[in-house]
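Peer 1: Okay, structure incoming, though there's no sequence with it:
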Ligand SMILES: Cc1ncc(COP(=O)(O)O)c(C=O)c1O
């Protein structure tokens, strides 16, 4: 019997047992594989069979991780990469050439914007930023040479949502690829393939790992598109190390239970911050005050583990609050068991211009919390004592 439910697939999808009949997946820490004959080796190099060749191409641990994510996202194929950014790049580069255009949400992760603005632009690929919440703006900005619509939902750190049904319709109508970074939602909260996404990207470093240990990324989609990603990655070399794949595949076993608790804690923190006089604005997709609350309820299972908020008193107040934390961590990562606070304007998004930051709501007083799995009263207690210093 094949498992049908998310939790069971995440646990039971596993590579074939070896001759030792181990229960938990072993680690294949090897850079290459051997062949019983030169003929079989030659055939495998010609792409016959699914033989293992070299860990830059594939490895049992990365294959297990990929198979699991494909099942959880409801897609055919994937390629795992060394980091989320190499996955983002590998989801774009094979599909564009000089003279092509990319339509991209304004609310993208800072490094993704750098790829568009500082790398692909040098190679003759242009891009236009659009309002993720306004399909009319997409229609106005799409061009005859647009090849791809690049999105994040919810976005980092403004938690802006894209209407995925509208995005799917828009991409089909204009015959362009629908490429979404699904890192903040994870496959547990949202499956973009159901809305017609062609390429789905994850930074596995975040919620998929869940304990801040390893870097990783993955691109998934249909066989034809992933074949192009695989060709690009095999020859440019951003493969995920087997050790990271081993960690990440095991982490996925607990993704559902972790995300349930992360979302529950984040929702409570969002409601708690709403009540505080030191705070100006709280952004969380499952708060009725979020401008896309109805959409969030429609396309996400829960609201996610990130809350963003603005402190009254500008940059000085934001910095004071962060420097007074005793228990929560000050770090740029997210999706950890440990609660992490970040100041996007001076760190992850510091390379954006003032106008670019303003357009996506990254103000000097904006703080992002990745709500962890500690006891909710301890997280609140630390925030209270820090807010009392303002
Ligand atoms: C939405 C999003 N995409 C991609 C990345 C990049 O991932 P990585 O740090 O694994 O390269 C991040 C990192 O924070 C992110 O938040």
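Peer 2: Sure thing, it's come through. Just so we're clear, the structure is a prediction, and the values are computed from it rather than from any experiment.
Peer 1: Strands of the protein, start to end?
Peer 2: 77-81, 101-105, 126-130, 146-152, 177-181, 199-203, 217-221, 279-283, 306-311, 329-330, 340-342, 366-370 (DSSP state E).
Peer 1: Which residues does the shortest one contact?
Peer 2: The one in question is strand 329-330. The contact list for strand 329-330, computed with Cβ atoms under 8 Å, 6 or more residues apart in numbering, reads 322, 336, 338, 339, 340, 341, 342. Quick note: C-beta positions are derived from backbone N, CA and C, even for glycine.
Peer 1: Neighbours of the third one, how many?
Peer 2: Number of residues near residue 338 (other Cβ atoms under 10 Å) recorded here: 16.
Peer 1: Repeat that for residue 384.
Peer 2: Residue 384 has 13 neighbours, counted by other Cβ under 10 Å.
Peer 1: and it, what does it touch?
Peer 2: Taking Cβ under 8 Å, 6+ apart as the definition, residue 384 has no contacts.
Peer 1: Check it and give its pLDDT.
Peer 2: With respect to pLDDT, residue 384 scores 98.
Peer 1: Can you name the residues that contact the one residue in the stretch 1-150 of the chain that gets nearest to the ligand?
Peer 2: For the stretch 1-150 of the chain and the ligand, the shortest gap (Cβ to the nearest ligand atom) falls at residue 84, measuring 2.3 Å. By Cβ under 8 Å, 6+ apart, the residues touching residue 84 are 181, 183, 201, 202, 203, 204, 205, 206, 215, 216, 217.
Peer 1: circling back: and the buried ones among the contacts of strand 329-330, selectable in PyMOL?
Peer 2: With 16 or more other Cβ atoms under 10 Å as the criterion, this PyMOL line picks the buried residues out of the contacts of strand 329-330:
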select buried, resi 322+336+338+339+340+341+342
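Peer 1: closest to residue 390 among the contacts of strand 329-330?
Peer 2: Proximity of these to residue 390 (Cβ to Cβ) peaks at residue 322, which lies at 11.1 Å.
Peer 1: That closest one contacts residue 340, doesn't it?
Peer 2: No: taking contacts as Cβ atoms under 8 Å, residue 322 lies outside contact range of residue 340: 10.9 Å.
Peer 1: What separation do you get for the residue nearest to residue 182 when sequence neighbours are not counted and the ligand?
Peer 2: Distance criterion Cβ to Cβ, 6 or more residues apart in numbering; nearest residue to residue 182, sequence neighbours excluded, is residue 200 at 5.2 Å. Going from residue 200 to the ligand by Cβ to the nearest ligand atom, to the nearest Å gives 12 Å.
Peer 1: how does this protein divide into domains?
Peer 2: Under automatic domain parsing, the residue ranges defining each domain of the chain are 6-252, 256-387.
Peer 1: The stretch 101-250 of the chain: helices as residue ranges?
Peer 2: Assigned by DSSP state H, counting those that start in this stretch, the stretch 101-250 of the chain shows helices spanning 110-114, 135-141, 164-174, 186-189, 223-236, 242-252.
Peer 1: among these, which is nearest the ligand?
Peer 2: helix 110-114 (6.1 Å).
Peer 1: just how off-centre is that closest one within its chain?
Peer 2: Mean C-alpha position of helix 110-114 versus that of the full chain (Cα atoms, centre = their mean, to the nearest Å) differs by 13 Å.
Peer 1: Need the contact partners of that helix.
Peer 2: 85, 88, 104, 150, 152, 181, 348, 349, 350, 351, 352, 356.
Peer 1: that older thread, okay, the strands of the chain in CSV with mean pLDDT next?
Peer 2: Compiled in CSV, these are given as follows (pLDDT from 0 to 100):
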stretch, mean pLDDT
strand 77-81, 98
strand 101-105, 98
strand 126-130, 97
strand 146-152, 98
strand 177-181, 98
strand 199-203, 98
strand 217-221, 98
strand 279-283, 96
strand 306-311, 98
strand 329-330, 98
strand 340-342, 97
strand 366-370, 98
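Peer 1: Next, format these as TSV and append distance to residue 115.
Peer 2: As requested, those are exported to TSV (distance: least, Cβ to Cβ, whole Å):
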stretch	distance to residue 115
strand 77-81	14
strand 101-105	10
strand 126-130	10
strand 146-152	10
strand 177-181	12
strand 199-203	12
strand 217-221	13
strand 279-283	25
strand 306-311	22
strand 329-330	27
strand 340-342	21
strand 366-370	21
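Peer 1: Noted, bye for now.
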